[in-house]
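Student: predicted model and sequence below, questions to follow.
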Amino acid sequence: MKKATVFGAGSFGTAVAQVLTPNFDEVMLWSRDAAQAEAINAAHENADYLPGLKLSEKVKASSDLAAAAAHAELCVIAIPSQATRGFLKGAAHVFPAHVPIVTVAKGIENETLNTMTEVLEQCLPEDYAPDVAVLSGPSFAKEMMHKLPTVVTIASRWEKTARAVQAAFASEFFRSYTSTDVVGVQVGGALKNVIAIAAGISDGMGLGHNSRAAIITRGLAEISRMAVRMGGNPLTLSGLAGMGDLVLTCTGELSRNRTVGLALGKGRSMDDIMKEMTQVAEGVKTAKSARDLQTRYGVELPICEQVYLICYEKKSPKAAVVDLMVRAPKSELV
């Protein structure tokens, strides 16, 4: 029996489990919450995160780490970025050897400023490194559950691993392209969430389509500068994991990060917004990482900087807009 395991039963992990069902006899969905796992098995639905959307009979849930991982031919880690290292400290020993291990989290770890593949490589046994990959790109969980056409990028430093993961996900409604640019793919996936908060703020303030287009375009410039400085390929950022994911997250109604920005733009406080969030908006914490990255690498990230100041220093969105608009004149291509 061909088996895949997804660790993390949030909305995206659940959607990934469903996407994998055409190519596996069983897809195990691990949840840290035994009651949630039981409820998923009973109703074939993740009522906590994707209510009303039925899962394939092939999807089984478990809160037993070892049982979930046993005999898996593909492992997907769908744990939020800031919790991935903690998860791996207690779970690294259960992962089977010589099978692809894919992270789908879109974030840069606070403090260390590591990408998620770097976290995996640091936490897993050394000989597991060739099996590590990342999946990123424009992909809302609800649309994946509805089998709407979705196209993403799968990156690994080892092309053989990327191709194996590509085959595992391939179906008539889910397509992927391979890449060896793990840096560019992950920087694009992480920083676009910060830019999406900015786009939401703009929309919440009623600043119009011109402003949103400027944020997306100049946001892509920031992301590209940082990715290249960290060793990424600039062409990656014009693709699915860069421009594709950025446009989706800045404009889509299902975007959690844009939703946070909308609330900020309408004058709500960060504390109140976070109290109501039932799912992780990765861009909030990634804004801290972005600020530290610009210091470490000496790369200007003015939009990301203003998002950080709004989220953590209680700067008013109006003042942030003014500061962005009156920055020193410069060439667009600098």
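Tutor: Happy to help now that I have it.

Student: how about the strands in this structure?
Tutor: Here the chain has its strands, by DSSP state E, at 3-7, 26-30, 59-62, 74-77, 101-103, 132-136, 150-155, 174-179.

Student: of the ones you listed, which is nearest A290?
Tutor: strand 132-136 (16.5 Å; C-beta to C-beta). Any C-beta I mention is one placed from the backbone N, CA and C, and that applies to glycine too.

Student: as PDB, could you dump the C-alpha coordinates of the closest one?
Tutor: Extracted in PDB, the C-alpha atoms of strand 132-136 (Å, rounded to 0.1, in the frame of the first residue of the first chain):
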ATOM      1  CA  VAL A 132      14.500  17.900   1.700                       C
ATOM      2  CA  ALA A 133      12.200  20.000  -0.600                       C
ATOM      3  CA  VAL A 134       9.800  22.900  -0.400                       C
ATOM      4  CA  LEU A 135       6.500  23.500  -2.100                       C
ATOM      5  CA  SER A 136       5.400  27.100  -2.700                       C
END
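
Student: adjacent strands (with direction) for that strand?
Tutor: Using DSSP bridges, the strands paired with strand 132-136 are strand 101-103 (parallel), strand 150-155 (antiparallel).

Student: can you mark which positions in the longest one are buried?
Tutor: If I follow you right, that is strand 150-155. Across strand 150-155, burial judged by 16 or more other C-beta atoms under 10 Å covers T150, V152, T153, I154, A155.

Student: need phi/psi at the residue lying closest to the second one once chain neighbours are set aside.
Tutor: To tie it back to what came earlier, the one meant is V152. In this structure, V152 finds its nearest non-sequential neighbour in G137, 3.3 Å apart by C-beta to C-beta, 6 or more residues apart in numbering. Here is the backbone geometry of G137 (degrees, to the nearest 10): phi 140, psi 180.

Student: next up, the contacts around the closest residue to E143 other than its chain neighbours.
Tutor: Counting by C-beta to C-beta, 6+ apart, the nearest residue to E143 once its immediate chain neighbours are dropped is T150, at 6.4 Å. Applying C-beta atoms under 8 Å, 6 or more residues apart in numbering to T150 gives the contacts V19, P138, S139, E143, M144, F173, F174, R175.

Student: ok, now how distant is the residue nearest the centre of the chain from Q36?
Tutor: For the chain, the residue nearest the mean C-alpha position is K106 (2.5 Å; C-alpha atoms, centre = their mean). From K106 across to Q36, the span is 23 Å (C-beta to C-beta, to the nearest Å).

Student: over to D64?
Tutor: For D64, the distance to Q36 - C-beta to C-beta - is 13 Å.

Student: identify the contacts common to these two.
Tutor: What both D64 and Q36 touch, as defined by C-beta under 8 Å, 6+ apart, is an empty set.

Student: quick one: which of those two has more around it?
Tutor: Neighbour totals were compared for D64 and Q36, and Q36 leads with 18 against 13 (other C-beta atoms under 10 Å).
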